[in-house]
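Chemist: Sharing a sequence plus its predicted fold:
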Amino acid sequence: MAEITASMVKDLRERTDAPMMDCKKALTEAEGDMARAEEILRVRFGNKASKAAGRVAAEGTVGISISADGKLGTLIEVNSETDFCAKNEEFLKFVSDLAQTVNENNPADIEAVGALPLRGETAEAVRAQLVGKIGENITPRRFVRTAAQGQLFSYVHGSRIGVLLDLVGGDEALGKDIAMHIAAAKPKSLDASGVDAALIEAERRVAIEKAKEAGKPEAMLEKIAEGTVQKFLKEVTLLSQAFVKDDKLSIEQLLKSKGASVASFSMYVVGEGIEKAVVDYAAEVAAAAKV
């Protein structure tokens with residue numbers, strides 16, 4: 001049997017908001033598998049236990065650069081240690097310049113970004129100088145560079161959510177509306193074919209377990225699970241989502257009415273998937289007082 005440590009229980013508690021004892025029981029049942037334990041808690045407590053999936057736990061900002069003809073665009077995320085740094089004008093200028101040089105030079109991956117030309121130096125040299133000046137670690141985390149089939153549109157919400165949209169047909173107003181919708185509704189993919197199979201299977205398992213606990217007949221379990229999966233897909237795929245400005249209209253219907261289609265989209269939420277260390281200052285002071 002896997003050893004269930006206090007740190008594992010604490011981590012699951014932070015991920016789910018479930019009671020400590022339930023977290024320990026779930027980890028024991030899952031033999032230490034954190035993802036499976038979170039799934040077990042979702043069955044018991046509902047979707048509250050999946051809050052960590054979208055939790056932003058790091059600071060920084062997104063930058064977007066689109067070529068003058070709207071055919072080539074880059075979305076990049078650069079992390080910092082604090083929100084104070086993320087609002088610094090020099091930091092924001094660095095992110096903006098970095099997005100532009102990535103768009104112009106097409107690096108192979110995020111590791112290659114440091115060698116790109118920037119302000120007569122390399123991007124890494126400029127980054128190192130900024131770190132020395134601000135006194136915080138600054139790290140380019142990820143980027144996506146898109147060659148459009150149609151026209152590129154973008155939307156940035158509060159510098160923390162960035163969207164790059166490739167719209168075929170339609171007009172500027174439609175492009176801006178759909179990019180804004182993506183930032184608000186946060187779809188996982190364009191349609192069901194782009195949703196991770198593991199996510200779909202997890203929804204199915206949770207639905208079956210909840211139905212069993214509710215005493216539903218064995219013969220109904222698959223039908224219930226399929227209904228849950230279809231509802232999930234409708235909520236997380238762009239084309240099926242209700243338009244944020246008119247919930248009687250799906251994005252697919254909106255596009256059709258304008259003779260347009262979405263070739264692709266990318267969205268970054270700053271710090272998504274990164275766990276930020278929480279400093280317990282009271283505990284530190286108490287510990288220091290005992291020395």
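Modeler: Right, received. Where do you want to start?
Chemist: List the buried residues of stretch 207-218.
Modeler: 207-211 (16 or more other C-beta atoms under 10 Å). All C-beta spots, glycine's among them, are computed from the backbone N, C-alpha and C.
Chemist: Take those residues and write them to a markdown table, including distance to residue 237.
Modeler: Output for the buried residues of stretch 207-218, formatted as a markdown table (distance: C-beta to C-beta, whole Å):
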| residue | distance to residue 237 |
| --- | --- |
| 207 | 18 |
| 208 | 22 |
| 209 | 24 |
| 210 | 22 |
| 211 | 23 |
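Chemist: Tell me which entries of these lie within helices.
Modeler: 207-211 (DSSP state H).
Chemist: want to throw the residues you listed into a markdown table with distance to residue 132 and pLDDT?
Modeler: Formatted as a markdown table, those follow (distance: C-beta to C-beta, whole Å; pLDDT from 0 to 100):
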| residue | distance to residue 132 | pLDDT |
| --- | --- | --- |
| 207 | 53 | 87 |
| 208 | 55 | 89 |
| 209 | 53 | 89 |
| 210 | 53 | 89 |
| 211 | 58 | 87 |
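Chemist: Where do the strands of the stretch 151-291 of the chain begin and end?
Modeler: Remark: strands assigned in the stretch 151-291 of the chain by DSSP state E, counting those that start in this stretch are 151-157, 161-168, 242-243, 246-250, 261-269.
Chemist: Okay, now the unreliable bits of the stretch 151-291 of the chain?
Modeler: Counting by pLDDT under 70, the stretch 151-291 of the chain shows low-confidence ranges at 275-291.
Chemist: Go again with 50.
Modeler: Applying pLDDT under 50 to the stretch 151-291 of the chain flags the ranges 279, 281, 284-285, 287-289, 291.
Chemist: picking up where we left off before, may I see the strands of the stretch 151-291 of the chain organised as a markdown table, with distance to residue 198 and mean neighbour count added?
Modeler: Below are those laid out as a markdown table (distance: least, C-beta to C-beta, whole Å; neighbours: other C-beta atoms under 10 Å):
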| stretch | distance to residue 198 | mean neighbour count |
| --- | --- | --- |
| strand 151-157 | 28 | 21 |
| strand 161-168 | 24 | 24 |
| strand 242-243 | 26 | 18 |
| strand 246-250 | 26 | 11 |
| strand 261-269 | 20 | 20 |
